[in-house]
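K.L.:
any chance you can model this:
(one chain, ligands or ions: 1)
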Amino acid sequence: MSLESIKYTRGSLEILDQLLLPLQTRYVKVQGVEDGWKVINKMQVRGAPAIAIVGCLSLAVELEKDNNADKKIMRQEIEGKLNYLVSARPTAVNIKLAADELINLANSLSADETVTPEEFKERFVSRIEGMLIKDIEDNKAIGRYGCEAILKSLEGDGPVRILTHCNTGSLATAGYGTALGVIRSLRESKRLDHVYCTETRPYNQGARLTAYELVHEKIPSTLIVDSVVSALMNSRRISAVVVGADRVAANGDTANKIGTYQIAIAAKHHGVPFYIAAPLTSIDMALRSGDRIKIEERPEREMTHVGEHRIAAPGISCWNPSFDVTPAALIAGIITEKGVFAPDKLSEINSK
Ligand SMILES: CSC[C@H]1O[C@H](OP(=O)(O)O)[C@H](O)[C@@H]1O
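P.N.:
Numbers count the residues shown, from 1 in each chain. As a prediction, the model looks like this:
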């Protein structure tokens, strides 16, 4: 059983406060979009799919308390609240795509005179609830396709060693995970020998979250400092790198956690296939290439302190981009719930 980052029943939402993991397990109530914006912006919940799901569920719980009987006012308020939620963190595209889908739904429900305000609310909230279930199904499909592609790319039936970066598991999604979902599927195939996960400074998603998930499920794994990646590839045979994505551009360029780009460069140098694992909700076909992706910059305190303890010299200036963009040329394949695609073949997804 993987960890539950989101606890939802109609009208009630709690999220696991990931700032406190792995030492404290505490759930935080989310009672509306204000709370939703805050827990996303503070990174109490994080991970591109989880951000979209928690953001939209925060709207669903707020709507449950709303007795508004005017559909046009409801539609207008929904659009404003979704645009507000999208502003919590700019790089991951999932919440923007979800907001666009829900605004379209609200527009059509509002315009349809046969739909009562009660039906409007019921159908709108049900669509959001469907995202929770669909995300887990998508992640399991990503796991299967990724496992199949990696095993197929290997000669013989030797041990499979995977390197991953950041956290892409049950703590970044509705469950099972994307890149960590591929790792879970490799484990289920009984071919997984070992997982290496990077610390992922400065938020330490790897040391605090991925290591927590791997230990929780007794998956053989080793934590490494971010700067060990090239030495690892030089000294041990790594079968593949599998990481997540926050926004994949139409040409396959991919924004992911800071440090991903240099891992891809190291993988190229060492002949290690580098895969992105991401649901279609992370792919932004409206964006031609990765140089147009807005990269979030986080507060310098996230670099200079660990908790309350300062680790950097006072007065030093800091640059803390939260993501970088890996060019499509360094990516062997993009693993989605519809299959594995070469970076330049994403336009073929909808024909699958
Ligand atoms: C399946 S999670 C995708 C993505 O989100 C993470 O970023 P953050 O922890 O800042 O939300 C990381 O880039 C993961 O690869």
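K.L.:
correct me, but L97 touches A52?
P.N.:
Yes: using C-beta atoms under 8 Å, L97 is in contact with A52, at 7.4 Å. For every residue, glycine as well, the C-beta is placed using N, CA and C.
K.L.:
ok, those two, which is more surrounded?
P.N.:
Neighbour count, other C-beta atoms under 10 Å: between L97 and A52, A52 has more, with 28 against 20.
K.L.:
quick one, phi psi at that one?
P.N.:
With angles defined as degrees, to the nearest 10, A52 sits at phi -60, psi -50.
K.L.:
rounded mean pLDDT for stretch 128-146, please.
P.N.:
Mean pLDDT, stretch 128-146: 97.
K.L.:
pull out the buried residues from it.
P.N.:
By neighbour count on 16 or more other C-beta atoms under 10 Å, the buried set for stretch 128-146 is 128-129, 131-132, 135-136, 138-146.
K.L.:
and which of those is nearest R236?
P.N.:
Of all these, R236 sits closest to G146, with 20.8 Å by C-beta to C-beta.
K.L.:
overlap in contacts, L97 and A52.
P.N.:
Common contacts of L97 and A52 (C-beta atoms under 8 Å, 6 or more residues apart in numbering): T281.
K.L.:
so which bits of the helix or strand hosting I265 are buried?
P.N.:
Using DSSP states H and E, I265 sits in helix 260-270. For helix 260-270, a neighbour-count test (16+ other C-beta under 10 Å) marks 260-267 as buried.
K.L.:
and those residues as a markdown table, adding distance to the ligand and pLDDT?
P.N.:
Below are these laid out as a markdown table (distance: C-beta to the nearest ligand atom, whole Å; pLDDT from 0 to 100):
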| residue | distance to the ligand | pLDDT |
| --- | --- | --- |
| T260 | 7 | 98 |
| Y261 | 12 | 98 |
| Q262 | 14 | 98 |
| I263 | 11 | 99 |
| A264 | 13 | 99 |
| I265 | 17 | 98 |
| A266 | 17 | 98 |
| A267 | 16 | 98 |
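K.L.:
okay, those residues in TSV with distance to Y275 next?
P.N.:
What follows is the buried residues of helix 260-270, written out as TSV (distance: C-beta to C-beta, whole Å):
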residue	distance to Y275
T260	12
Y261	15
Q262	16
I263	11
A264	10
I265	15
A266	14
A267	10
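K.L.:
still on that earlier bit, take the buried residues of stretch 128-146 and keep only those in helices.
P.N.:
128-129, 131-132, 135-136, 138-146 (DSSP state H).
K.L.:
between those residues, which sits nearest the ligand?
P.N.:
Nearest to the ligand out of these is N139 (C-beta to the nearest ligand atom; 8.5 Å).
K.L.:
so which residues of the stretch 51-200 of the chain form strands?
P.N.:
For the stretch 51-200 of the chain, the strands defined by DSSP state E, counting those that start in this stretch occupy 160-164, 192-198.
K.L.:
would you mind listing what in the stretch 201-350 of the chain touches the ligand?
P.N.:
205, 243-246, 256-257, 322 (C-beta under 6 Å from any ligand atom).
K.L.:
tell me which of these fall in strands.
P.N.:
Judged by DSSP state E, strands contain the following of those: 243, 256-257.
K.L.:
dump these to a markdown table, plus pLDDT.
P.N.:
Putting those into a markdown table (pLDDT from 0 to 100) gives the following:
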| residue | pLDDT |
| --- | --- |
| V243 | 98 |
| N256 | 98 |
| K257 | 98 |
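K.L.:
still on that earlier bit, paired strands for the following helix or strand past the helix holding I265, with orientation please.
P.N.:
Next in sequence after helix 260-270, counting helices and strands by DSSP H and E, comes strand 274-277. Strand 274-277 pairs in its sheet with strand 240-243 (parallel), strand 333-336 (parallel), by DSSP bridges.
K.L.:
contacting residues around strand 274-277?
P.N.:
142, 146, 149-150, 168, 178-179, 181-182, 240-245, 248, 254, 256, 263-264, 267-268, 326, 330-335, 340.
K.L.:
please name the residues that touch R26.
P.N.:
With contact taken as C-beta under 8 Å, 6+ apart, R26 is in contact with 16-17, 20.
K.L.:
in this protein, which residue sits closest to the ligand?
P.N.:
For the chain, C-beta to the nearest ligand atom, closest residue to the ligand: G244, 2.8 Å.
K.L.:
domains in this structure, as residue ranges please.
P.N.:
What automatic domain parsing lists as the domains of the chain is 6-135, 143-351.
K.L.:
so is the shortest one next to the ligand?
P.N.:
Yes: with C-beta under 6 Å from any ligand atom as the measure, domain 6-135 is seen reaching the ligand through 46-49.
K.L.:
out of the residues you listed, which sit inside helices?
P.N.:
Going by DSSP H, the helices hold 48-49 from the residues of domain 6-135 next to the ligand.
K.L.:
got the residues of domain 6-135 next to the ligand as CSV, with pLDDT columns?
P.N.:
Listed next are these as CSV, based on pLDDT from 0 to 100:
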residue, pLDDT
R46, 98
G47, 98
A48, 98
P49, 98
